[in-house]
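Asker: Need a 3D model of the following:
(2 chains)
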Amino acid sequence: MTPISYRKLPGVAAVPFQRKTLWLGPDHVLSVRTLPFTEHYRRYYFRDIQAIVLTESGSSVAYYLYASAAFLLLMFLLLGYTWHPFWATLCGLTGAVLLTFGLRVPNCACYLQTATGVVRLPSLGRVRAARKALAILKPAIEGAQGRLA
Amino acid sequence: MTATLGCAHCHAPVETDAGICPGCRSPLEVLVFPALLAPPEICVAAPVMEDEASCFYHVSKRALVPCDQCGRFLCALCQIDFLGANWCPNCIDTGRRKGRLGGLDAVRRLYGNAALSLATLPLLFWPFTLMTAPMALYVAFRYWKAPSSLIRKNRWQFYVAILFGVAEVGGWFWLAALLVSRL
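Answerer: The predicted structure follows:
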């Protein structure tokens, strides 16, 4: 049996010691949950996928993170200008970390519906990544099922 | 089209052509595929008539196709379309038990990661390597050929684990030889 080759779809949901990703197979989508020493798989065959629903949901946490990062980066500039290198570096690094976290906060939810139920695709938590992934998935599913008239 | 779906955010029912959820007013993007509107598939195996082949597993049902693995005749109930071929339930079960059907695995153990962790993490408190280095080498060699990740085919973790394991065991031998020579 030849091994199935998979192509990674955009998007990842990562928490400490766990990553969730989506992979495109020849006739199915593979949802992978990677733990330090195991990988768990779920397969959604193209012929069984009924619908995919993407909802944009602005997160207030992200706005707080952006605001805090902007404040800290402004402090970085001011403290750098007044020559306080230690505090400027601290503010700059903290601001960069908060900005990174803000950019990773999920801002959409993507659900996949089959005849047996509805499952969330956690790796598609950012609108940009989700749109890219759906642009790859849609032709693959339509190739298996055909297009709706 | 009037099939109903649920909003991903508030789970309120939404139409397939809705651009905004009526419940939470969130912008929606809905992709609908023909499977949503297709009638449910009802699998009915026809009874066998005279001069017709019967299913191996259901002798009263008419055979439709042979299994591509074992050649047994299968009715509509027993035929499984998998990886572009016809399979019987028995061949699927046998293939899964013997690990030949990687496409059916729900869980895989990452022995490479385990060996690498055993070889490298105890370096933070190096006396532990006396125990963990041989364990890392054992795991690396014992599970060298075990099925690994479905998505990543490389085995660099095994190589690095063996490298570290050998270096640590060698280090302990060197330390022991040094101590013996001083006695």
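Asker: quick one, what contacts residue 24?
Answerer: The chain I'm using is chain A. Contact analysis of A:L24 by Cβ atoms under 8 Å, 6 or more residues apart in numbering or on different chains lists A:Y6, A:R7, A:K8, A:L9, A:L30, A:I136, A:L137, A:A140. The way it works is simple: take the backbone N, C-alpha and C, and place the C-beta from them, glycine included.
Asker: The intended chain is chain B.
Answerer: A:T55, A:S57, B:C7, B:H9, B:C10, B:A12.
Asker: From B:C7, how far out is it?
Answerer: 6 Å (Cβ to Cβ, to the nearest Å).
Asker: Need the overlap of contacts for the two.
Answerer: By Cβ under 8 Å, 6+ apart, the residues touching both B:C24 and B:C7 are A:T55.
Asker: ok, longest helix in chain A?
Answerer: helix A:60-81 (DSSP state H).
Asker: Quick one: list the elements packing against it.
Answerer: Helix A:60-81 sits against helix A:85-104, with contacts defined as 3 or more Cβ pairs under 8 Å, 6 or more residues apart in numbering or on different chains; DSSP states H and E.
Asker: Show me how far the helix it packs on is from its chain's centre.
Answerer: Taking Cα atoms, centre = their mean, to the nearest Å, one finds helix A:85-104 lying 22 Å from the centre of the chain it belongs to.
Asker: just stretch B:53-60 next, same as before
Answerer: Using Cα atoms, centre = their mean, the offset of stretch B:53-60 from its chain centre is 32 Å.
Asker: what do you get for stretch B:17-29?
Answerer: 35 Å.
Asker: Report the secondary structure element holding residue 51.
Answerer: Using chain A here. In this assignment (DSSP states H and E), A:A51 forms part of strand A:49-56.
Asker: That strand and chain B in contact?
Answerer: Yes: using Cβ under 8 Å from any Cβ of the partner chain, strand A:49-56 comes into contact with chain B via A:I49, A:Q50, A:A51, A:I52, A:V53, A:L54, A:T55, A:E56.
Asker: How about the last one: what's its closest non-neighbour residue?
Answerer: What that stands for is A:E56. Once flanking residues are discounted, A:E56 sits nearest to B:P27: 4.5 Å by Cβ to Cβ, 6 or more residues apart in numbering or on different chains.
Asker: Could you double-check that that neighbour sits in contact with A:V53?
Answerer: No: with contact defined as Cβ atoms under 8 Å, B:P27 does not count as touching A:V53 (11.5 Å).
Asker: out of the two, which sits in the more crowded spot?
Answerer: A:V53 (24 against 15; other Cβ atoms under 10 Å in any protein chain shown).
Asker: residues contacting that one?
Answerer: Applying Cβ under 8 Å, 6+ apart, the residues contacting A:V53 are A:C110, A:Y111, A:Q113, B:L5, B:G6, B:C7, B:A8, B:V14, B:L28, B:E29, B:V30, B:L31.
Asker: swap in A:R43?
Answerer: A:G25, A:H28, A:V29, A:L30, A:S31, B:G103.
Asker: For these, pick the one with the most neighbours.
Answerer: A:V29 (24 neighbours).
Asker: for the longest helix seen in chain B, which positions count as buried?
Answerer: Criterion DSSP H: the longest helix present in chain B is helix B:156-182. By neighbour count on 16 or more other Cβ atoms under 10 Å in any protein chain shown, the buried set for helix B:156-182 is B:Q157, B:F158, B:V160, B:A161, B:I162, B:F164, B:G165, B:E168, B:V169, B:W172.
Asker: swap in stretch B:88-105?
Answerer: Neighbour-count burial for stretch B:88-105 [16+ other Cβ under 10 Å]: B:C88, B:C91, B:I92, B:G95, B:L101, B:G103.
Asker: Would you tell me which strand is longest in chain B?
Answerer: Longest strand in chain B by number of residues (criterion: DSSP state E): strand B:28-32.
Asker: what packs against that one?
Answerer: strand A:49-56, helix A:127-145.
Asker: Among these, which comes closest to A:Y81?
Answerer: Among the helices and strands packed on strand B:28-32, helix A:127-145 comes nearest to A:Y81, with 34.6 Å by Cβ to Cβ.
Asker: tilt between that closest one and strand A:49-56?
Answerer: Relative orientation of helix A:127-145 versus strand A:49-56 (axes from the mean of the first three to the mean of the last three Cα atoms, to 10 degrees): 170 degrees.
Asker: what mean pLDDT does helix A:127-145 have?
Answerer: The pLDDT scores in helix A:127-145 average 92.
Asker: ok, now stretch B:140-150?
Answerer: Stretch B:140-150 shows a mean pLDDT of 89.
Asker: Please apply the same query to stretch A:27-36.
Answerer: 93.
Asker: and that stretch, how far from the chain's centre?
Answerer: Taking mean C-alpha positions (Cα atoms, centre = their mean), stretch A:27-36 and its chain are 14 Å apart.
Asker: Any regions of chain B where pLDDT drops low?
Answerer: B:1-4, B:8-9, B:102-103 (pLDDT under 70).
Asker: which residue ends up closest to the midpoint of it in space?
Answerer: B:D105 (3.0 Å; Cα atoms, centre = their mean).
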